[in-house]
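**Q** I'll drop the sequence and a predicted model, then ask my questions.
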Amino acid sequence: MIAEVVTQEPVLQFEGVSRVHGSGPTAVRALGPVSFKIRSGELVAIMGPSGSGKSTLLSLAGALDVPSSGTVRLNGRDLANRNPAELSQLRRRTVGFVFQELNLLPGLTAVENVRLPLELDGHPLGDAHQRALEELSHVGLRDLADRFPDNLSGGEQQRVAIARAFVGPRSLLLADEPTGALDSVTGESVVRLLKKQCALGRTVVIVTHDAAHAGWADRVLYLRDGEIVDETVASTAGAGGIES
Amino acid sequence: MSVRNSLLALIAAQPAHGYGLKSEFESSTAGEWPLNAGQVYTTLSRLERDGLIIPAGDSGSRGEAGELDRRAWEVTAEGREALARWFDTPVENRSPRDEVVIKVLVAIATRQANLRQVLQTQRSATMKRLQEYTRHKIEADPDEQLAWLLLLDAMILRADAEIRWLDLCEQRLKQLDEERGS
Ligand SMILES: Nc1ncnc2c1ncn2[C@@H]1O[C@H](COP(=O)(O)OP(=O)(O)OP(=O)(O)O)[C@@H](O)[C@H]1O
Ligand SMILES: [Mg+2]
């Protein structure tokens, strides 16, 4: 009974969350207050002009930053008041991050990059390696597992980063412009991959300037000056025609 | 012009009847450009008049108007040249006229509306349309429905461009306001 209630809880929930830098007359409100919920299996895109608070929102969601007010809940639990050990465990086991660039450690091969979070989490090497290879297969890069990042294209590097962000039991992926540096077709293959991960029950929040990529999302939240000013929900109803 | 040249291209690819051409044209353009039979036959008789197509083989028992739809057509040498010219010539002179563009420009010029609201409302609607196209795209089979897929790509990128333009309008105006304010 209780388990059922827990699984219905949103994966991520912001309740009146704001982030203010500095104080007094020079204070900068980077975000909020904003409130929203993201359910398991959803792909949500965040759009908005530069400086509108998109990266701030992702950092708060991934416990890389702390709100000035309000509550961020991950799987129902308030992120506040967790000690550093709990938070770093959270980042190894629950939430994965993909940044726009410089995602991978250049001295490690693709598979070594992907298995790193598992090693840090104390998994035996053989097991970590095996799981990392599986995760690389999910992103279609099993064959390139032993390449170093320098010998991978930008799109391939992003896919490795996605594999690393998802490796282990992690179920929530936060991606800040993962398609920013990619051409349309490669960018689309990355979004397609994220969509597939959602179909497997994982949850993805992606920041993008690219409406064509945001179009893959179940919901698009549009930020302006730190506030959510619009939300578009994809209809799931049966096929409708295209009106010209 | 594009219907005329498209029918010419289909006949050049393979001699065809009027009724077949209608459905071939519609499927190669993913059903986005429905033709009526009258339009097809008018176009065919103009193509014939201009010497770009002739009745196929000797089957051409040149009947009366009523028989027109039973004729198969084939392309002439002149027809092939005309077709090559069409493919070699880029499409020019696109009009920037578009209701969204006009509405926004008029809103700015006349100040009869809350511009931010106009931009936001349009942005939201276009985004929703884009999501809809994307859903169709996800469902489309790239082997069986290539024309449909490419058409959706075109619609998606157009919607994307419109959204970028709406964002740009908003940011330019914001910049102007700030410059004037300071
Ligand atoms: N450490 C900080 N100190 C002061 N202001 C900050 C700090 N970090 C972010 N900001 C401000 O907060 C606002 C939101 O920043 P944020 O990085 O979230 O924007 P963004 O939407 O991700 O923009 P972009 O599209 O350019 O990446 C900006 O105005 C930024 O200048
Ligand atoms: Mg950012």
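**A** Good, I have the coordinates. No experiment lies behind these values; they were computed from the predicted model shown. Ligands and ions are numbered 1, 2, ... in the order given.
**Q** C-alpha coordinates for the lowest-mean-pLDDT helix or strand in chain B, CSV please?
**A** Sorting the helices and strands of chain B by mean pLDDT, DSSP states H and E puts helix B:18-28 at the bottom, at a mean of 87. Output in CSV follows, covering the C-alpha atoms of helix B:18-28 (Å, rounded to 0.1, in the frame of the first residue of the first chain):
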residue,chain,number,x,y,z
GLY,B,18,-4.4,11.0,-66.0
TYR,B,19,-6.1,9.1,-63.2
GLY,B,20,-2.8,7.4,-62.2
LEU,B,21,-1.0,10.7,-62.2
LYS,B,22,-3.3,12.3,-59.7
SER,B,23,-2.7,9.6,-57.1
GLU,B,24,1.1,9.4,-57.9
PHE,B,25,1.4,13.1,-57.4
GLU,B,26,-0.5,13.0,-54.2
SER,B,27,1.6,10.1,-52.8
SER,B,28,4.9,11.6,-53.8
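**Q** residue A:44 contacts residue A:216, correct?
**A** No. With contact defined as CB atoms under 8 Å, residue A:44 and residue A:216 do not form a contacting pair (10.6 Å). C-beta here means a position set from N, CA and C on the backbone, and glycine is covered the same way.
**Q** looking at the two now, which is surrounded by more residues?
**A** The neighbour count for residue A:44 versus residue A:216, taken as other CB atoms under 10 Å in any protein chain shown, is higher for residue A:216 (26 against 21).
**Q** need the helices for the chain, in chain order.
**A** Answering for chain A, as no chain was given. A:2-7, A:54-61, A:84-93, A:110-120, A:125-138, A:154-166, A:184-199, A:211-214 (DSSP state H).
**Q** if you could check chain B rather than the one you did, that'd help
**A** So, for chain B - with DSSP H - the helices run B:2-13, B:18-28, B:37-49, B:77-88, B:99-110, B:115-139, B:146-181.
**Q** lowest average confidence across these, which one?
**A** When the helices of chain B are compared on mean pLDDT, helix B:18-28 scores lowest, with a mean of 87.
**Q** for that one, name the packing helices and strands.
**A** Packing partners of helix B:18-28 (3 or more CB pairs under 8 Å, 6 or more residues apart in numbering or on different chains; DSSP states H and E): helix B:2-13, helix B:37-49.
**Q** gap between that helix and the chain center?
**A** Put simply, helix B:18-28 sits 15 Å off its chain's centre (CA atoms, centre = their mean, to the nearest Å).
**Q** run through who's touching it.
**A** B:3, B:6-7, B:10-11, B:16, B:33-35, B:37, B:40-41, B:44, B:68-69, B:71, B:73, B:147 (CB atoms under 8 Å, 6 or more residues apart in numbering or on different chains).
**Q** switch to 7 Å and redo it
**A** For helix B:18-28, contacts defined as CB atoms under 7 Å, 6 or more residues apart in numbering or on different chains pick out B:6-7, B:10, B:16, B:33-35, B:37, B:40-41, B:44, B:68-69, B:147.
**Q** just the angle between the least confident helix or strand of chain B and helix B:146-181, please?
**A** Between the axis of helix B:18-28 and that of helix B:146-181 there is an angle of 50 degrees, by axes from the mean of the first three to the mean of the last three CA atoms, to 10 degrees.
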